[in-house]
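S.K.: I need the structure of the sequence given here:
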Amino acid sequence: MKALSGLSPEVRQYLLVTGNYWAFTLTDGALRMLVVLHFHTLGYTPLQIAALFLFYEIFGVITNLVGGYLGARLGLNRTMNIGLGMQVVALLMLTVPAAWLTIPWVMGAQALSGIAKDLNKMSAKSSIKLLVPGNQQGTLYKWVAILTGSKNALKGVGFFLGGALLALLGFTGAVFAMAALLSLIWLGSLVMLKKDLGKAKAKPKFRDILSKSRAVNVLSAARLFLFGARDVWFVVALPVYLSTAFGWDFWLVGGFLATWIIGYGIVQSLAPALTGKQRGHVPDGRAAFAWAAMLAVVPAAIALGLAASGSTQAVLLGGLMLFGVLFAVNSSLHSYLIVSYAKEDGVSLDVGFYYMSNALGRLLGTLLSGWVYQAHGMEACLWISSLFVLMAAAISCALPRHAAGQAGCS
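M.R.: Residues are numbered from 1 along each chain as shown. Next up, the predicted model:
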């Protein structure tokens, strides 16, 4: 505590925001894996499992759109704490007797969790804009990369935790343990997080939830397709494929996906070095196009490899590693650009609109992941992933470039 009190107020708040985000992410990743694996063992089809997350993604879209408005009016400390409290309630909803765990009930709990997750994420990402001076873009990029990367590394730990807790405690015991831990974090956040963080000086009107910035709108469209490209094969298709095609048990599926997400998070934290920050560069629209174009090749190559090779396990796992590295850089780069583009007064409005597109991409990817995999298999999911990344790359051509502030990929 003495060391913490010696830090600047901005750094202390950054650490509190990051700690809240970490705790939430751990339970979110674990809950995702718990639901996928538990209901798969109960005999649910991939499409039915995808449906369990339908409200999670739909309400994520709505929350990001409205949550940015609430953050600007109420303050980001309140929206973050509301998100933590709602996640505790969502977890407790899943501790009911097994007979109550019908599809509508689980979808309702996931809806609450989706609202909570996006309130928490929007608040965390928006807060950083207010804690870094506007003329320190390199520092802003570094802080965003650290927050995003560490969050995803912990999400990977959450995936492993979900598989492990399911094997050790069962579904109900695992969910209750997470609810108890997150309750303690929530109580600490209520006491320690700075009041009125992120509240706009001028009260925004509800019509302000739609971004008026061309750069924010273009980046939001690219983000939609980028995250749709990931989730169309990662959310439902991949865990079920690993379990059925390779015969992996809970520990292997959870452990492998956890390792992938942890590695993905580490690469996100290193993204500033990979994209030229050490040479004094911060990314722009040209960088967003170039990294997306490289990523688009990978899922197509995996699909071709699965069709041509008898060693499907080596092709899929090796390709997944490469996809993770390139996707991590793309995601971190986007996360920096939105915080950079967002206006400082009422920052959560622009960030909320952007993450609304992010949630819409996840919704589209999740639905397609269950339906396409069930109807056409993993290779079809991968081809759609490649197409979506190509669309993200094409849209990124319209983002501003540093040279003369123009847009374009040439």
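S.K.: how many other residues sit next to residue 168?
M.R.: Using other CB atoms under 10 Å, the number of residues around residue 168 comes to 10. For glycine as for every other residue, the C-beta is placed from the backbone atoms N, C-alpha and C.
S.K.: Confirm that it sits in a helix.
M.R.: Yes. Counting by DSSP: H, G, I helix; E, B strand; the rest coil, residue 168 is found in a helix.
S.K.: how far away is the most centrally placed residue in the chain from residue 331?
M.R.: When the chain is reduced to its mean C-alpha position, the nearest residue by CA atoms, centre = their mean turns out to be residue 152, at 7.5 Å. For residue 152, the distance to residue 331 equals 8 Å [CB to CB, to the nearest Å].
S.K.: Can you work out which residues contact both of the two?
M.R.: Between them, residue 152 and residue 331 share these contacting residues under CB atoms under 8 Å, 6 or more residues apart in numbering: residue 268.
S.K.: now the helices for this structure?
M.R.: Listed in chain order, the helices found in the chain under DSSP state H are 2-5, 9-41, 46-52, 54-74, 76-93, 103-131, 137-192, 214-234, 237-244, 250-274, 285-308, 312-341, 347-376, 378-396.
S.K.: Test my guess that residue 379 contacts residue 305.
M.R.: No. No contact is recorded between residue 379 and residue 305 when judged using CB atoms under 8 Å, the distance being 9.6 Å.
S.K.: Kindly reformat the helices of the chain as JSON lines containing mean pLDDT.
M.R.: Output for the helices of the chain, formatted as JSON lines (pLDDT from 0 to 100):
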{"stretch": "helix 2-5", "mean pLDDT": "51"}
{"stretch": "helix 9-41", "mean pLDDT": "77"}
{"stretch": "helix 46-52", "mean pLDDT": "74"}
{"stretch": "helix 54-74", "mean pLDDT": "72"}
{"stretch": "helix 76-93", "mean pLDDT": "86"}
{"stretch": "helix 103-131", "mean pLDDT": "78"}
{"stretch": "helix 137-192", "mean pLDDT": "79"}
{"stretch": "helix 214-234", "mean pLDDT": "89"}
{"stretch": "helix 237-244", "mean pLDDT": "84"}
{"stretch": "helix 250-274", "mean pLDDT": "78"}
{"stretch": "helix 285-308", "mean pLDDT": "90"}
{"stretch": "helix 312-341", "mean pLDDT": "86"}
{"stretch": "helix 347-376", "mean pLDDT": "81"}
{"stretch": "helix 378-396", "mean pLDDT": "94"}
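S.K.: Against residue 105, how distant is the closest residue to residue 94 other than its chain neighbours?
M.R.: Here the nearest residue to residue 94 in space, its sequence neighbours aside, is residue 175; by CB to CB, 6 or more residues apart in numbering that works out to 4.6 Å. In this structure, residue 175 lies at 13 Å from residue 105, with CB to CB as the measure.
S.K.: Please apply the same query to residue 377.
M.R.: 31 Å.
S.K.: Need phi/psi at residue 235.
M.R.: Dihedral angles of residue 235 (phi, psi; degrees, to the nearest 10) stand at phi -70, psi -50.
S.K.: That one is in contact with residue 52, isn't it?
M.R.: No. In terms of CB under 8 Å, residue 235 does not count as a neighbour of residue 52; the distance is 10.8 Å.
S.K.: more crowded one of those two?
M.R.: Ranked by neighbour count (other CB under 10 Å), residue 235 and residue 52 place residue 235 first, with 26 against 20.
S.K.: What score does that one have for pLDDT?
M.R.: For residue 235, the model assigns a pLDDT of 77.
S.K.: Is there a neighbour count for residue 104? I'd like the number.
M.R.: The local packing count at residue 104 equals 8, with neighbours defined by other CB under 10 Å.
S.K.: For stretch 295-309, C-alpha coordinates in CSV please.
M.R.: Provided in CSV are the C-alpha atoms of stretch 295-309 (Å, rounded to 0.1, in the frame of the first residue of the first chain):
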residue,chain,number,x,y,z
LEU,A,295,-3.9,-11.8,-41.5
ALA,A,296,-6.4,-12.6,-44.3
VAL,A,297,-4.0,-15.2,-45.8
VAL,A,298,-3.8,-17.4,-42.7
PRO,A,299,-7.4,-18.8,-42.4
ALA,A,300,-7.5,-19.5,-46.2
ALA,A,301,-4.2,-21.3,-45.9
ILE,A,302,-5.4,-23.4,-43.0
ALA,A,303,-8.6,-24.3,-44.9
LEU,A,304,-6.5,-25.4,-47.9
GLY,A,305,-4.2,-27.4,-45.6
LEU,A,306,-7.1,-29.2,-44.0
ALA,A,307,-8.4,-30.2,-47.4
ALA,A,308,-5.1,-31.4,-48.7
SER,A,309,-3.3,-32.8,-45.7
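S.K.: Alright, I will stop here.
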